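Novice: Below is the sequence, then the predicted model.
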Amino acid sequence: MPSSAEPVPGDWLEVELEADPAMASELDVLLTRRDLGGWVVEAEEPTLKWLFYVPRESGWQERLGSLGVSLREAGARMVVRRSVADEDWAECWKQFYHPRRIGKTLVICPSWERHDPAPEERMLVLDPGMAFGTGYHASTALCMELLEEHLLVASAPRVLDVGIGSGILSISALLLGADRVLGVDHDPVAVRVARENLELNALGDRAEVRQFEGVPDGSYDLILANLVAQVLVDLADDLACAVARGGRLVAGGIVEERRDEVVRALQAGGLELEAELEREAWVGLRLRRP
């Protein structure tokens with residue numbers, strides 16, 4: 001069983017996972033498939049220790065029990081540590097989140113930290129709150145590196161960010177020289193957080209964020225889509241059609257084993273694979289419309 005102690009009433013359960021460090025990539029994929037959108041790396045050596053939070057909603061006992069079985073079969077150990085009130089949950093992980101450099105020039109700095117950027121650095125001030133996108137997950141970092149590589153040598157007057165989350169990719173694009181960004185997300189929390197982070201970086205006047213599911217009409221020089229493989233496949237035709245001639249699509253959230261499926265779906269829409277990066281069992285792609 002996941003825990004021998006019954007948690008006291010609360011809104012969230014704080015769960016600790018322990019495993020061999022060599023299992024990091026496997027566990028990353030396992031948790032992501034369980035719709036656990038993020039976790040805190042508490043320790044990496046000599047034992048991997050991650051924290052994640054499970055809402056105490058209908059069916060949470062079955063969900064937690066099933067997850068415990070999967071982790072045990074994979075060789076990991078899971079323990080429920082405590083119950084956390086909703087207002088405390090979003091603050092618990094902040095002690096582990098510090099400035100981080102991504103790619104050649106981008107630096108992510110949490111809003112509660114200080115960082116003096118070097119002349120060549122472009123600093124993003126970020127408070128992810130309850131939205132996806134801290135830059136710590138490999139899928140986000142791969143997308144940032146792929147868009148940076150492109151925007152350091154090319155322009156992008158019109159950018160679309162599908163599934164904007166915390167706004168991290170939109171902010172990166174604007175700092176790298178994009179003119180304007182339209183960001184969409186079906187989650188109202190993400191819409192609010194993205195707007196707040198754009199304002200935090202003094203970029204609110206160059207971006208529009210809407211609550212919208214899918215791909216809005218229009219033609220874009222650069223589309224950012226850090227989603228998951230199945231959503232990318234489902235939206236492949238719409239995404240491909242929205243890429244302007246000579247434009248690019250940066251796609252992330254793809255586990256290695258589904259890479260070929262995503263590439264085929266996007267190529268069927270007329271896009272050509274231009275670049276890809278792989279890290280920790282995740283793949284990022286950049287495709288071009290000729």
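Specialist: Okay, I see it. What you see is a predicted model, and the numbers here were worked out from it, not measured in a lab.
Novice: got the buried residues for stretch 178-186?
Specialist: Under the neighbour-count criterion of 16 or more other C-beta atoms under 10 Å, stretch 178-186 has 178, 181-185 buried. In this view, the C-beta of every residue, glycine as well, is placed from N, C-alpha and C.
Novice: Over to stretch 231-240?
Specialist: If you call a residue buried by 16+ other C-beta under 10 Å, then stretch 231-240 has these buried ones: 231-233, 235-236, 239-240.
Novice: chain center to stretch 34-52: distance?
Specialist: Averaging C-alpha positions (C-alpha atoms, centre = their mean, to the nearest Å) puts stretch 34-52 15 Å from its chain's average.
Novice: Pull up the distance across that stretch, start to finish.
Specialist: Distance across stretch 34-52, first residue to last, is 12 Å (C-alpha to C-alpha, to the nearest Å).
Novice: Let me know the average pLDDT across it.
Specialist: For stretch 34-52, mean pLDDT is 80.
Novice: Would you mind pulling up the elements that the helix or strand where residue 253 lies packs against?
Specialist: Using DSSP states H and E, residue 253 maps to strand 243-255. Here strand 243-255 touches helix 138-151, strand 220-226, helix 229-234, helix 236-242, helix 259-268, strand 282-288, going by 3 or more C-beta pairs under 8 Å, 6 or more residues apart in numbering; DSSP states H and E.
Novice: Residue 181 versus residue 165, what's the distance?
Specialist: Using C-beta to C-beta, to the nearest Å, residue 165 is found at 13 Å from residue 181.
Novice: for residue 187, same thing?
Specialist: Using C-beta to C-beta, we find residue 187 at a distance of 17 Å from residue 181.
Novice: Residue 223 too?
Specialist: Distance from residue 223 to residue 181, by C-beta to C-beta: 11 Å.
Novice: Common neighbours of these two, please.
Specialist: Common neighbours of residue 223 and residue 181 are listed as 159-161 (criterion: C-beta atoms under 8 Å, 6 or more residues apart in numbering).
Novice: for those, which one is nearest residue 286?
Specialist: Proximity of the shared contacts of residue 223 and residue 181 to residue 286 (C-beta to C-beta) peaks at residue 159, which lies at 13.7 Å.
Novice: from what I can see the closest one touches residue 170, true?
Specialist: Yes: at 7.2 Å, residue 159 counts as touching residue 170 under the criterion of C-beta atoms under 8 Å.
Novice: Name the residue in the two with the higher neighbour count.
Specialist: Set side by side, residue 159 and residue 170 show more neighbours around residue 170, with 30 against 27, by other C-beta atoms under 10 Å.
Novice: in which helix or strand would I find that one?
Specialist: Assigned by DSSP H and E, residue 170 falls within helix 168-175.
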